[in-house]
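In: give me a model of this one.
(one chain, ligands or ions: 3)
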Amino acid sequence: MLAMSYRGPYRIRTVNKPEPEIEHPNDAIIRVTRAAICGSDLHLYHGLVPDTRVGHTFGHEFTGIVEEVGSSVQNLKPGDHVLVPFNIFCGTCFFCQKELFGNCHDTNSYASAVGSIYGYSHTAGGYDGGQAEYVRVPFADVGPVKIPENMAEEDALLCTDAFPTGYQAAEMGEIKQGDTVVVFGAGPVGIFAAKSAWLFGAGRVIVIDHVQYRLDFVKQYAQCETINFLDIDDPVVHLKKITDYIGPDVCIDAVGAEASGSALQRLTGVKLKLQAGSATALMWAINSVRKGGVVSIVGVYGPTFNLVPIGNAVNKGLTLRMNQTSVKRNLPRLFEHIQAGRVDPKAIITHRIPLEEVAEGYHMFASKLDNCIKAVCIPPKGWH
Ligand SMILES: NC(=O)c1ccc[n+]([C@@H]2O[C@H](COP(=O)([O-])OP(=O)(O)OC[C@H]3O[C@@H](n4cnc5c(N)ncnc54)[C@H](O)[C@@H]3O)[C@@H](O)[C@H]2O)c1
Ligand SMILES: [Zn+2]
Ligand SMILES: [Zn+2]
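Out: Ligands and ions are numbered 1, 2, ... in the order given. Model (predicted):
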């Protein structure tokens, strides 16, 4: 089958590899019809995630048709049209019982801090992902969700990660009625965080980035204010100024470890690798949020950071909330918002790319070319 294959940093190919097979009675094989590229894939693409092995197939946002099921699978049958949450989870462990599906304890024998994710290096379990014609889905009775009859496939696709992550970012912000919410990052996750902030009762929503076309998009899509941090001196001072010198109530980090905006962070984190990436957005969030405010982090970080102002967080009495998204937990709410017409997830898709040209897709999404916001790969049999 055709599949995306990692060859090393900045090197992606579409290759032929063997089709996956049922390995456990509760596996399913899904024929992929849509597979999106996520900002998290860029950390892999840039070689920043440890133990990303040559030959690994990425892709943790996908929809498809069930091709085959293992002997114990009861909830799915061949022909079902499903979305597959990016977390691989058992559904029964201590953490899954608390609906912390992103923190499942049973599926990743490589690590104790991170759960399992499709196509996300061997630190996240080593499972091949969905940027391929077929993918093996473990715990098939637990993860996949049938796409509701009246839902567009590409709306369902964005319910595998980007929308639930933006939504959970807003939820973890513990937004109170009328709160001022600042979202760092106008990528897909930041866009959905801004949109979701209103659903939780925000009174003012501001999105910050330095990519103007993304700011223009989110301004219209989420009806929010925007700031290009290249147009201002110091984002922290600027945010104080526009909030009566108090600071926003909630700051959301939808950027993660590859943040721009600080030469020092880029030098120590990206060039010299003295810390695991650059923590600029997180630093801005902690320093600008008001005392007693909430910082909600969904941006992905590596293990070790030095330049995070944790002392400021302590002295300001902040609440820091963060996690991998527990995708399946909020799906009923997200479906409701989509069906009521409050959110149109597929509207953020700017590019549909044949799987054969997946390398182009990565390049364009990573380099912010051609006004790219969200790129989706489509396997040869997925065009319908
Ligand atoms: N926690 C989770 O479960 C989860 C799920 C999905 C994605 N993520 C993470 O969320 C982050 C965003 O994902 P995405 O798909 O939107 O990625 P993306 O790369 O498309 O978007 C990131 C945006 O941040 C902007 N940016 C860079 N430095 C900035 C700064 N200092 N301040 C403000 N904006 C800045 C970039 O210009 C870009 O537009 C990534 O780190 C991704 O790994 C986490
Ligand atoms: Zn993702
Ligand atoms: Zn579990």
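
In: for ligand 3, what are the nearby residues on the stretch 1-150 of the chain?
Out: For the stretch 1-150 of the chain, the contact set with ligand 3 under C-beta under 5 Å from the ion comprises 89-90, 93, 96, 104, 106. Yep, even glycine has a C-beta here, placed from its N, CA and C like the rest.

In: assign a three-state SS to residue 205, would you?
Out: Secondary structure assignment for residue 205 (DSSP: H, G, I helix; E, B strand; the rest coil): strand.

In: neighbours of the closest residue to ligand 2 within the chain, how many?
Out: Residue nearest to ligand 2 within the chain: residue 38 (3.2 Å; C-beta to the ion). For residue 38, the neighbour count with other C-beta atoms under 10 Å is 28.

In: what sits against the closest residue in space to residue 82 that isn't next to it in sequence?
Out: Leaving aside its chain neighbours, residue 82 sits nearest to residue 144 (4.1 Å; criterion: C-beta to C-beta, 6 or more residues apart in numbering). Residue 144 is in contact with 28, 30, 66, 76, 80, 82-85, 137, counting by C-beta atoms under 8 Å, 6 or more residues apart in numbering.

In: can you lay out those residues as CSV showing secondary structure and neighbour count?
Out: Below are the contacts of residue 144 laid out as CSV (DSSP: H, G, I helix; E, B strand; the rest coil; neighbours: other C-beta atoms under 10 Å):
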residue, secondary structure, neighbour count
28, strand, 28
30, strand, 28
66, strand, 21
76, coil, 20
80, coil, 18
82, strand, 23
83, strand, 27
84, strand, 27
85, coil, 26
137, strand, 28
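
In: quickly name whichever of the residues you listed is closest to ligand 3.
Out: The closest of these to ligand 3 turns out to be residue 85 (C-beta to the ion; 12.8 Å).

In: the closest one contacts residue 327, correct?
Out: Yes: here residue 85 reaches residue 327: they are 3.5 Å apart, a contact under C-beta atoms under 8 Å.

In: which neighbours do the two have in common?
Out: Residues touching both residue 85 and residue 327 (C-beta under 8 Å, 6+ apart): 101, 160-161, 164.

In: return the subset of those lying in helices.
Out: Of the positions in those, residue 164 sit in helices, assigned by DSSP state H.

In: name the member of the shared contacts of residue 85 and residue 327 with the most neighbours.
Out: Comparing the shared contacts of residue 85 and residue 327 by number of neighbours (other C-beta under 10 Å), residue 160 comes first, having 32 neighbours.

In: circling back: wait, the residue of the chain closest to ligand 2 touches residue 162, no?
Out: Yes: with contacts counted by C-beta under 8 Å, residue 38 reaches residue 162, the gap being 6.8 Å.

In: so for those two, which residues contact both of them?
Out: Residues within reach of residue 38 and of residue 162 at once, by C-beta under 8 Å, 6+ apart, are 61, 188.

In: can you pull out the helices in this structure?
Out: Counting by DSSP H, the chain has helices at residues 39-45, 94-97, 153-157, 162-172, 188-199, 212-221, 235-241, 263-265, 280-288, 310-315, 327-339, 358-367.

In: out of these, which is closest to ligand 1?
Out: With C-beta to the nearest ligand atom as the measure, helix 39-45 is the member of those nearest ligand 1 (2.0 Å).

In: on that earlier part again, ok, now how distant is the residue nearest to residue 82 from residue 77?
Out: Noted for residue 144: a distance of 12 Å to residue 77, by C-beta to C-beta, to the nearest Å.

In: what do these two both touch?
Out: Here residue 144 and residue 77 have residue 66 as joint contacts, going by C-beta under 8 Å, 6+ apart.

In: what's the neighbour count on the nearest residue to residue 184 once chain neighbours are set aside?
Out: Spatial nearest neighbour of residue 184, chain neighbours left out: residue 281 (4.1 Å); criterion: C-beta to C-beta, 6+ apart. Counted with other C-beta under 10 Å, residues neighbouring residue 281 total 31.

In: hmm, stretch 246-261 in reach of ligand 2?
Out: No: Stretch 246-261 does not reach ligand 2 (C-beta under 5 Å from the ion); its nearest approach is 10.3 Å.
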